[in-house]
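1. How does the following fold in three dimensions:
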Amino acid sequence: MHFAWKDRPVTRHSEKRKLVESGNKFCYTFSIIPHHYPGKKPKMEDEIFRLMTEFLEKQETLNEISHPEDLSGYSTTELHVLKKICESENANGTFLAKILHLTKGAISKTVRKLAVKQLIEPYRQSGNRQRVYYRVTPAGKEIYEKHEMRENGWKRVNHAFLSGLTDEQRQNAAHYLQKYNAFLERMIGRETG
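-> Down below sits the predicted model:
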């Protein structure tokens with residue numbers, strides 16, 4: 001099986017990619033695990049990892065195909081912070097850190113990037129000159145709307161898939177994802193803690 005990646009063909013066996021954090025921007029890269037294990041049966045953990053990798057790869061490919069609007073200059077964190085600023089009245093760093101489960105330092109770095117890109121602007125309320133709040137600019141609103149269009153498309157795709165599962169299958173999927181998210185939350189806590 002072949003994949004195209006950044007204008008060059010990639011085989012499942014030869015390409016290795018890992019999830020890399022670059023400052024505040026996450027770039028998806030994956031370790032590709034081959035489908036066949038010569039002479040031995042794969043462990044269930046390996047198979048689950050392979051399936052998760054394949055899922056993320058296909059999600060990324062479908063996203064690029066079905067949503068060509070260019071959001072490539074923005075990290076996932078930037079888009080989520082922008083979204084919360086758009087949807088919240090009087091958003092400040094403390095509020096954003098709490099609701100997005102990020103450190104105040106990560107929020108500070110992200111809002112600086114968004115301000116440099118002229119997607120948000122800081123302001124202070126007349127009664128409270130100490131606290132800095134953020135509001136979206138017209139350019140930020142445009143990026144937010146593109147991001148929302150992309151997210152709504154994914155919601156439709158996921159709903160179409162999940163509606164074909166039984167209640168038990170949906171409950172099992174929800175249980176797995178809750179446990180995995182809790183595990184990742186603990187890992188983030190250890191790393192930032």
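2. So for the host helix or strand of Lys109, what gets flagged as buried?
-> Here Lys109 sits within helix 104-116, counting by DSSP states H and E. By 16 or more other C-beta atoms under 10 Å, the buried positions in helix 104-116 come out as 106-111, 113-114. Every C-beta, even on glycine, is put in place using the N, C-alpha and C of the backbone.
3. So the residue positioned nearest the centre of the chain versus Asn63, what's the distance?
-> Central residue of the chain (C-alpha atoms, centre = their mean): Thr76, 4.7 Å from the mean position. Relative to Asn63, Thr76 is positioned 12 Å away (C-beta to C-beta, to the nearest Å).
4. Remind me what the helix holding Lys109 packs against, helices and strands.
-> helix 76-87, helix 93-100, strand 120-125 (3 or more C-beta pairs under 8 Å, 6 or more residues apart in numbering; DSSP states H and E).
5. any idea how the protein splits into domains?
-> Here the domain parsing of the chain from automatic domain parsing is 1-66, 71-162.
6. quick one: Ile99 and Val81 touch, right?
-> No - using C-beta atoms under 8 Å, Ile99 is not in contact with Val81; the gap is 9.8 Å.
7. Settle it for me: which of those two has more neighbours?
-> Applying other C-beta atoms under 10 Å to Ile99 and Val81 shows that Val81 carries more neighbours, namely 29 against 15.
8. can you tell me which residues contact that one?
-> 96, 100, 107, 110-111, 114 (C-beta atoms under 8 Å, 6 or more residues apart in numbering).
9. at 6 Å what do you get?
-> By C-beta atoms under 6 Å, 6 or more residues apart in numbering, the contact set of Val81 is 96, 110.
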